[in-house]
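Chemist: One predicted model, sequence on top.
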Amino acid sequence: MPINIPKKLPAGELLKEEKIFVMDEERATSQDIRPMNIIILNLMPEKERTELQLLRLLGNTPLQVDVTFMNMATHESKNVSKSHLDQFYTTFEQIKHRRFDGMIITGAPIEHLEFEDVNYWEEMTCIMDWTKDNVTSVMHICWGAQAALYHHYGIGKFELPKKCSGVFTHRLSDPTINLSRGFNDEFRAPHSRYTSVSIEDIEKDPRLYVLAKSEDAGAFIILSKDNKHIMITGHLEYDATTLAEEYARDLKKGIDIDVPANYFPNDDPSQEPLNTWRSHTHLLFSNWLNYYVYQETPYVWE
């Protein structure tokens, strides 16, 4: 089934080239189908790239998905045109009266800041509080996961001695949990962050469950036991070349950075990296949409 996206969204043509089934809003309204309404709070600076990555995954399921993009009203994005935001994005004030079946809160390159020092933290907390009664299930990615752990469960982040960058092996705790249906007992996934969270603190909290973790990258997939929150500390949505581009960007800035671990063939940055996590990425998003959104959300919000 297709994803419904705004007409003329640049990612739409790229998705069609990849044979992802997309449908614009005008066509979608002519179908007598109740789509899943998903809102994406896109905090990443390169918004169009993140749009493409997430839409590619949401479009690979049997469900019809109606996507709304949201950005922060209290923060000025510098890496995307104002016209793009005006045409394709909404703000919290414009949608807070609505209810959504699912929500994705992306990462953001602001790990060096304390949460309260982020210029949009107050707005962010308002949005996270709003989700309690207005969204069936929320997927939080990277910094978004750390923000959720801090705001909802009081679990803070800490700075790492060096950047956690690379593709790491993770061990699954329980393959019978719906989110991990079809997963291998061990699987690989990318990480790119300077901070982490305490796996011990998470495991001590009776409201949370660590579904997957890595000896090198720590807690990776964390579930709230009420299925309301799914927190992913890495970046399964990344393209094959994303870590390479981040590495080149950091080198250009003069940052002392290690080669992303277990990523380039033979750890040689001159070689083309391969995507070794794609299948589990699609499984994760498909399972989330089916078991945590579609199966749980009301047909008509009261």
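Modeler: Yep, that arrived.

Chemist: Apart from its chain neighbours, what residue comes closest to residue 289?
Modeler: residue 61 (5.2 Å; CB to CB, 6 or more residues apart in numbering). C-beta: built from backbone N, CA, C; applies to glycine.

Chemist: from what I can see the one you found touches residue 284, true?
Modeler: No: the pair residue 61 / residue 284 is not scored as a contact, 11.2 Å apart, by CB atoms under 8 Å.

Chemist: More neighbours: the two, which one.
Modeler: Neighbours per residue (other CB atoms under 10 Å) separate residue 61 from residue 284, with residue 284 holding more: 26 against 20.

Chemist: what packs against the helix or strand hosting the more buried one?
Modeler: In this structure, residue 284 sits in helix 278-287 according to DSSP states H and E. On a contact count with 3 or more CB pairs under 8 Å, 6 or more residues apart in numbering; DSSP states H and E, helix 278-287 meets helix 47-58, strand 186-197.

Chemist: Just checking: what are the partner strands of the last one?
Modeler: Strand 186-197 has the following sheet partners, assigned by DSSP bridges: strand 157-172 (antiparallel).

Chemist: What average pLDDT does the strand it pairs with get?
Modeler: Confidence for strand 157-172, expressed as mean pLDDT, is 96.

Chemist: buried sites along it?
Modeler: By 16 or more other CB atoms under 10 Å, the buried positions in strand 157-172 come out as 157, 163-168, 170, 172.

Chemist: and if you look at stretch 255-263?
Modeler: 259-261, 263.

Chemist: Which helix or which strand is home to residue 151?
Modeler: helix 143-153.

Chemist: I meant to write residue 270 there.
Modeler: Short version, using DSSP H and E: residue 270 is in no helix or strand.

Chemist: phi, psi of it?
Modeler: phi -80, psi -10 (degrees, to the nearest 10).

Chemist: Not counting sequence-adjacent ones, nearest residue to it?
Modeler: Once flanking residues are discounted, residue 270 sits nearest to residue 264: 8.0 Å by CB to CB, 6+ apart.

Chemist: what separates that neighbour from residue 258, distance-wise?
Modeler: The spacing between residue 264 and residue 258, counted by CB to CB, to the nearest Å, is 12 Å.
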